[in-house]
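Novice: The amino acid sequence is not available; the structure is as follows:
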């Protein structure tokens, strides 16, 4: 049901002239993708600096709250750029991306990373006064930072893997992969 | 100086066979390359934006730079190792790719700049260095590393 609805939405986006134009443009698509990848330096770079501090392995002579507070803004600017360029990349190739199992895992991991960041922020605000200048933050903070780095590594891996056609709908695949990738037509043909 | 022999040797090496053998492993190495790019870029931006007085103004710039320099070197090592692994799979294609050579040229400039100019200079008390010299160093550093990264992404398009 959801798969059919998402596919219908993607097919509707695919009829847009701008979607086709972006996809077929030699330079605009490449520049948007380059911006998306290079902004990793800003977004993920700042996030890594914060998480290395929270893990207690880097920037240990700078208070944890200073790192979190000062790097939050550039990190969020980077995230905004990644989100906007990400939507444009999706809009340029809506049907294939909707039916990409990697894109789907990426979205799930993004949501998980967002929830983790929100929980982490709460845990940190509640206790940072006690360990702000200590090089090694408490265990629950280190676990949260490790989880954050792991989830974002997963997001990057899935993002990179979208470019491969290993699990594209045109392939012969088990039923559950058709379902997970949202290959609605292929699933219907099996009925 | 023609280095074709090196690329022919790399193309026939065990590393090339290994790198071509698994597409899944190749994608994981690409992820490592991208994560190391994020770390390297983050350290470049953090250090240079501190020198420009944009970020972390309430922490001494010597302290910020000492931290970023350590993680920069770790990231660079990760990038070179994962980069060599990926290059082995497409050695001959890279030899004839202009963007690859643009990236290598920018990379050499960047490495020489960081280890021969930026680091020795910033070992001095930053107060004793002219603010304009610091600003020029920061802008040059960001420009060269963004160029390396952009040329790298463009290898795939060209």
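Specialist: Looks like it came in fine. The structure presented is a predicted model; accordingly, all values stated were derived computationally and were not measured.
Novice: From the chain's centre, how far out is stretch B:127-138? Work that out for me.
Specialist: When distances are taken as C-alpha atoms, centre = their mean, to the nearest Å, stretch B:127-138 is centred 22 Å away from the chain's centroid.
Novice: Contacts only, for the residue of chain A found nearest chain B.
Specialist: Residue of chain A nearest chain B, by C-beta to the nearest C-beta: residue A:45 (1.9 Å). To be clear about C-beta, it is placed using only N, CA and C from the backbone, and glycine gets the same treatment. Contacts for residue A:45 were tallied using C-beta atoms under 8 Å, 6 or more residues apart in numbering or on different chains; they are A:78, B:38, B:39, B:40, B:41, B:42, B:43, B:44, B:45, B:46.
Novice: May I see those organised as JSON lines, with pLDDT, neighbour count and distance to residue A:179 added?
Specialist: Listed next are these as JSON lines, based on pLDDT from 0 to 100; neighbours: other C-beta atoms under 10 Å in any protein chain shown; distance: C-beta to C-beta, whole Å:
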{"residue": "A:78", "pLDDT": "98", "neighbour count": "24", "distance to residue A:179": "34"}
{"residue": "B:38", "pLDDT": "98", "neighbour count": "28", "distance to residue A:179": "33"}
{"residue": "B:39", "pLDDT": "98", "neighbour count": "25", "distance to residue A:179": "37"}
{"residue": "B:40", "pLDDT": "98", "neighbour count": "26", "distance to residue A:179": "39"}
{"residue": "B:41", "pLDDT": "98", "neighbour count": "28", "distance to residue A:179": "38"}
{"residue": "B:42", "pLDDT": "98", "neighbour count": "30", "distance to residue A:179": "38"}
{"residue": "B:43", "pLDDT": "98", "neighbour count": "28", "distance to residue A:179": "42"}
{"residue": "B:44", "pLDDT": "98", "neighbour count": "24", "distance to residue A:179": "43"}
{"residue": "B:45", "pLDDT": "98", "neighbour count": "25", "distance to residue A:179": "42"}
{"residue": "B:46", "pLDDT": "98", "neighbour count": "28", "distance to residue A:179": "44"}
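Novice: Tell me which of the residues you listed fall in helices.
Specialist: A:78, B:38, B:39, B:40, B:41, B:42, B:43, B:44, B:45, B:46 (DSSP state H).
Novice: Hmm, residue A:175 and residue A:187 touching each other?
Specialist: Yes - here residue A:187 reaches residue A:175: they are 7.2 Å apart, a contact under C-beta atoms under 8 Å.
Novice: More neighbours: which of the two?
Specialist: For residue A:187 versus residue A:175, neighbours defined as other C-beta atoms under 10 Å in any protein chain shown are more numerous around residue A:187 (16 against 11).
Novice: need the contact list for the more buried one.
Specialist: When contacts are counted by C-beta under 8 Å, 6+ apart, residue A:187 touches A:3, A:175, A:178, A:179.
Novice: What subset of those is buried?
Specialist: A:3, A:178 (16 or more other C-beta atoms under 10 Å in any protein chain shown).
Novice: Now for the contacts of residue A:187: which two are most distant?
Specialist: Spatially, the most separated pair among the contacts of residue A:187 is A:3 and A:175, at 12.7 Å (C-beta to C-beta).
Novice: ok, for the residue in chain B that chain A sits nearest to, nearest residue in space, not its chain neighbours?
Specialist: Closest contact between chain B and chain A, by C-beta to the nearest C-beta, is at residue B:42 (1.9 Å). Closest residue to residue B:42 apart from its sequence neighbours, by C-beta to C-beta, 6 or more residues apart in numbering or on different chains: residue A:45 at 1.9 Å.
Novice: can you check residue A:138 too?
Specialist: Nearest one to residue A:138, counting by C-beta to C-beta, 6+ apart, is residue A:131 at 6.0 Å.
Novice: Would you check that that neighbour makes contact with residue A:137?
Specialist: Yes - between residue A:131 and residue A:137 a contact is recorded at 5.4 Å, counting by C-beta under 8 Å.
Novice: Point out the residues in chain A that sit beside chain B.
Specialist: A:30, A:33-34, A:37-38, A:40-49, A:52, A:58-59, A:61-62, A:66, A:70-71, A:74, A:153, A:156-157, A:160-161, A:164, A:166 (C-beta under 8 Å from any C-beta of the partner chain).
Novice: which residues are in contact with stretch B:43-59?
Specialist: A:41-42, A:45-46, A:49, A:62, A:66, A:70-71, A:74, B:61, B:64-65, B:68-69, B:71-72, B:75, B:126, B:134-135, B:137-139, B:141-142, B:145.
Novice: Drop anything exposed from these.
Specialist: Buried, going by 16+ other C-beta under 10 Å: A:41-42, A:45-46, A:49, A:62, A:66, A:70-71, A:74, B:61, B:64-65, B:68-69, B:71-72, B:75, B:126, B:134, B:137-138, B:141-142, B:145, out of those.
Novice: so of these, which ones are in helices?
Specialist: When the buried ones among the contacts of stretch B:43-59 are checked against helices (DSSP H), the matches are A:41-42, A:45-46, A:49, A:66, A:70-71, A:74, B:61, B:64-65, B:68-69, B:71-72, B:75, B:134, B:137-138, B:141-142, B:145.
Novice: roughly how far is the biggest helix by length in chain A from the heart of the chain?
Specialist: What stands out as the longest helix in chain A, according to DSSP H, is helix A:101-131. The chain centre lies 12 Å from the centre of helix A:101-131; the measure is C-alpha atoms, centre = their mean.
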